[in-house]
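[1] Structure for this input, please:
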Amino acid sequence: MPGISNHSSATQGDAPIHVSSEWGTLKECVYGSPDRWVMPMFYGDSKQRAYGDFQEFWVKNQGRDVAEADPERFAGFKSQIQGAIDFLRDQGIRVQVAAELAPEDRKFPRGENHGVVTGWMRDPFVTIGNNVIELAPRSLFHRRQRFAIRPILAETMERGARYFAQPDSGAVESRDEPGWGYLEGGDIFVLGQKILVGHSGGCSNPEGAKWLQHMLGPDYSVEMIAIDPMFPHLDCVLCTPREGVTVICEEAFPQGLPEHIRDWDHIVVDKFHAKRHMACNNLVLDDHTVVVPSVEALDDVAGELKKRRFEVIRLPYNYPSDFGGSFRCAHQPLIRL
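    Reported below is the predicted structural model:
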C-alpha cells in the first residue's frame, strides 16, 4: 500500500503541522495515488473540468475503470504520478499518499459510484497555519475523497494541528442556500494571513467562504474572488510562486484582479493555455523553485519564470492534466515554512 516516504526521518514525521503561504518551502504533503482511476459520472460538476477530446472519453466511459477502458492512458497516469511522488521524496520532502477507497465509501453520498479520483488530492482538505480543515466539496466525486486520507488528517492532531471539518455537503448535487457552504481546496490560496477563495459558480460558494472566515477567526482575512465559469477553481488561473510574482490568466477574472495581488509582477497566460495545458497549476517547492509540466506549450511560462530567477524543473504530467488537474491539484501541503 502506498504510504509515507522511506526517505522521511522520524524527526520530520514528528514536525509540527503549519502552512505559512503558497511559496513557503514544502516539507510535507499529501499526494494523489497512482493506483486507481475510475471515471466519475458525467454530472454538472464534470462539465467545468472536461475539455476537448477528453470530454468525449469521459462521457463514453463514465463509471468505468480507466485501466480497463484505456490501458495506455492509465499506464501514463500511473507512471507520471508515481514519478512526481518519487521526485518529491528524492528532494527530502515527506509524501503521504491517499489510500484505496473502501467499496462502500465509493457509493457515498447517494448509493451510486461517482468514480475514484484520488489521483488529485487538493480538494478534500486544506491546511492554513496549523489548521487542518476537511472541506465540503460541491463536486460529488470529491465528497468521498476525504475517506482515503482521514487517518493521515487525524494524525495531525498529535503534531499540533487544530483539526476541523466543514459541515457536510449532503447528497443533493448542488444548492446555494443559507447553511449549504461549499469549499474545494483548488479554490483556496494561502497568502500569509490573506486567504483568497475562487468562485466560478460551480465549486466553492459564498456560504463556504463565510464559514471559513468564521472558523479561522480574526487572525485571517478571507476574500472571495469571481473567476470565469469555464474554469472550476482559482488554481486553474493563478499561481503564486513567490510573494510579488504570479502566473495568471488575467482574462479569467471578470471583476478584475484581487487588490491584494493587483500590483504584483504577472506572467500572463491566455485562456487556452490555462485550460488545455493547466499553465497556472504548477508545483511550487519554495520561493525560488517551481515544477512545470514538460510540454512544449508551457516553455514560455518556464522561460518567464527563469527570467525572474526561479529554478524551473520540468516533469511529464500530461495524462493527469487531461482530467483538468496538474501538479497543484495533485497535492495538498501539511508543512510549508
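[2] Pull the contacting residues for residue 145.
    Residue 145 sits next to 98, 101, 117-118, 121, 123-124, 137 when contact means C-beta atoms under 8 Å, 6 or more residues apart in numbering. C-betas here are computed from N, CA, C, even on glycine.
[3] Among these, which one lies nearest to residue 63?
    residue 117 (12.5 Å; C-beta to C-beta).
[4] do you know how far the closest one is from residue 291?
    Separation of residue 117 from residue 291 (C-beta to C-beta, to the nearest Å): 21 Å.
[5] again, but for residue 224
    Taking C-beta to C-beta, one finds residue 224 at 28 Å from residue 291.
[6] same deal with residue 71?
    27 Å.
[7] Have a look at the two and say which one is more surrounded.
    The neighbour count for residue 71 versus residue 291, taken as other C-beta atoms under 10 Å, is higher for residue 291 (22 against 10).
[8] List the strands paired with the helix or strand where that one lies, with their directions.
    Using DSSP states H and E, residue 291 falls within strand 289-293. Applying DSSP bridges, strand 289-293 is found paired with strand 283-286 (antiparallel), strand 311-315 (parallel).
[9] Please enumerate residues in contact with that strand?
    Residues outside strand 289-293 that contact it (C-beta under 8 Å, 6+ apart): 84, 87, 239, 241, 277-278, 282-285, 298, 301-302, 305, 310-318, 321, 326-327.
[10] which is the next helix or strand following that strand?
    Downstream of strand 289-293, the next assigned helix or strand under DSSP H and E is helix 299-307.
[11] re the thing from before, buried subset of the contacts of strand 289-293 as a PyMOL selection?
    Selection of buried members from those for PyMOL, criterion 16 or more other C-beta atoms under 10 Å:
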select buried, resi 84+87+239+241+277+278+282+283+284+285+298+301+302+305+310+312+313+317+318+321+326+327
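[12] Which residue is the nearest non-sequential neighbour of residue 206?
    Excluding the flanking residues, the one nearest residue 206 by C-beta to C-beta, 6 or more residues apart in numbering is residue 224, at 5.8 Å.
[13] and the gap between the one you found and residue 208?
    According to C-beta to C-beta, residue 224 and residue 208 sit 9 Å apart.
[14] where do the contact lists of these two overlap?
    Contacts common to residue 224 and residue 208, judged by C-beta under 8 Å, 6+ apart, are residue 197.
[15] When these two are compared, which one has more neighbours?
    Comparing residue 224 with residue 208 by neighbour count (other C-beta under 10 Å), the higher total belongs to residue 208, at 29 against 20.
[16] Quick check: which element contains that one?
    Here residue 208 is assigned to helix 206-216, by DSSP H and E.
[17] just the angle between whichever helix or strand comes after that helix and helix 206-216, please?
    The first helix or strand that comes after helix 206-216 along the chain, using DSSP H and E, is strand 221-226. Angle of strand 221-226 versus helix 206-216, following axes from the mean of the first three to the mean of the last three C-alpha atoms, to 10 degrees, is 170 degrees.
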